[in-house]
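Undergrad: this one's structure only:
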Ligand SMILES: [Zn+2]
């Protein structure tokens, strides 16, 4: 048992995760398993930057994983499927172009020996799912949780979104959360407005300003950081969450 968990950790360490910037602020994540040589792509809103990134590395995409139906997360599905033959896994409840396998709460995706479980995280959209790789300490959270923020409520209720964020925040503290947008700077500014006395937020805002001035990525974030600095995660109930979310919608 002990040996098995050591072996899993070693394998998890070989899961290579690379951001591919797309559009103005999307990140498409490439997931490469060294042992099997397999590559998956998470939320390819656009095919061209993904094709360039995998060609540079000599990787071949065999799977596409979508977190929700929005076109900036699925727009590259069909071109990538045509050019690579990749299988498309996406929420069963959403309108996902080219989907081969519908995913719902409790189901799994797999790359090499790494297993990701599917949890339903409705709120931003009703079909939204997250993929949790417990052994690797990795979660792909799409547009549900952002570093220091969360997605807008296009389809779900504040109750749903609050519950979804709480589920993600309950993952182990060191879990790395891979979000689909670079929104951290504007989220950090709102967070410091929402919690002016929070020193962890103030210090993270300074870090994020430095990173963005240098044009650098602020992701992934961790569950521990979000518990300390994300006002939407820190809200004590859905009513407080709802008030913050509508305040953020008009915050400049
Ligand atoms: Zn979205």
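TA: That came in fine, so what should we check first? Since we're looking at a predicted model, the values are computed, not measured. Numbers count the residues shown, from 1 in each chain.

Undergrad: Compute the number of surrounding residues for residue 170.
TA: Around residue 170 there are 11 other residues, counting by other Cβ atoms under 10 Å. Backbone N, C-alpha and C define where each C-beta goes, glycine included.

Undergrad: Spatially nearest residue to it (excluding sequence neighbours)?
TA: residue 223 (8.0 Å; Cβ to Cβ, 6 or more residues apart in numbering).

Undergrad: before we move on, what about residue 32?
TA: Nearest to residue 32 is residue 16, by Cβ to Cβ, 6+ apart, at 4.2 Å.

Undergrad: What helices and strands are in contact with the helix or strand containing the one you found?
TA: If you go by DSSP states H and E, residue 16 is part of strand 15-22. In terms of contacts (3 or more Cβ pairs under 8 Å, 6 or more residues apart in numbering; DSSP states H and E), strand 15-22 is packed against strand 26-33, helix 48-57.

Undergrad: Tell me which of the ones you listed sits most buried.
TA: Of all those, strand 26-33 carries the top mean neighbour count, a mean of 22, counting by mean count of other Cβ atoms under 10 Å.

Undergrad: quick revisit: turn the helices and strands packed on strand 15-22 into a markdown table, columns for mean pLDDT and distance to the ion.
TA: As requested, these are exported to a markdown table (pLDDT from 0 to 100; distance: least, Cβ to the ion, whole Å):
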| stretch | mean pLDDT | distance to the ion |
| --- | --- | --- |
| strand 26-33 | 98 | 9 |
| helix 48-57 | 98 | 18 |
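
Undergrad: And these: which comes nearest residue 229?
TA: Taking Cβ to Cβ, strand 26-33 is the member of the helices and strands packed on strand 15-22 nearest to residue 229, at 19.4 Å.

Undergrad: how far is that closest one from where the chain is centred?
TA: Taking the mean of its C-alpha atoms, strand 26-33 sits 10 Å from the chain's own mean (Cα atoms, centre = their mean, to the nearest Å).

Undergrad: What is the burial count for the residue nearest to residue 32?
TA: With other Cβ under 10 Å as criterion, residue 16 counts 13.

Undergrad: quick one: contacts for it?
TA: Counting by Cβ atoms under 8 Å, 6 or more residues apart in numbering, residue 16 touches 30-34.

Undergrad: For residue 113, see how far away the residue of the stretch 151-252 of the chain found nearest the ion is.
TA: Of all residues in the stretch 151-252 of the chain, residue 151 sits closest to the ion, at 6.2 Å by Cβ to the ion. From residue 151 over to residue 113 the distance is 31 Å, taken as Cβ to Cβ, to the nearest Å.

Undergrad: swap in residue 147?
TA: Taking Cβ to Cβ, one finds residue 147 at 29 Å from residue 113.

Undergrad: same deal with residue 82?
TA: 29 Å.

Undergrad: Neighbour count: the two, which is higher?
TA: The residue with more neighbours, out of residue 82 and residue 113, is residue 113; 15 against 11, by other Cβ under 10 Å.
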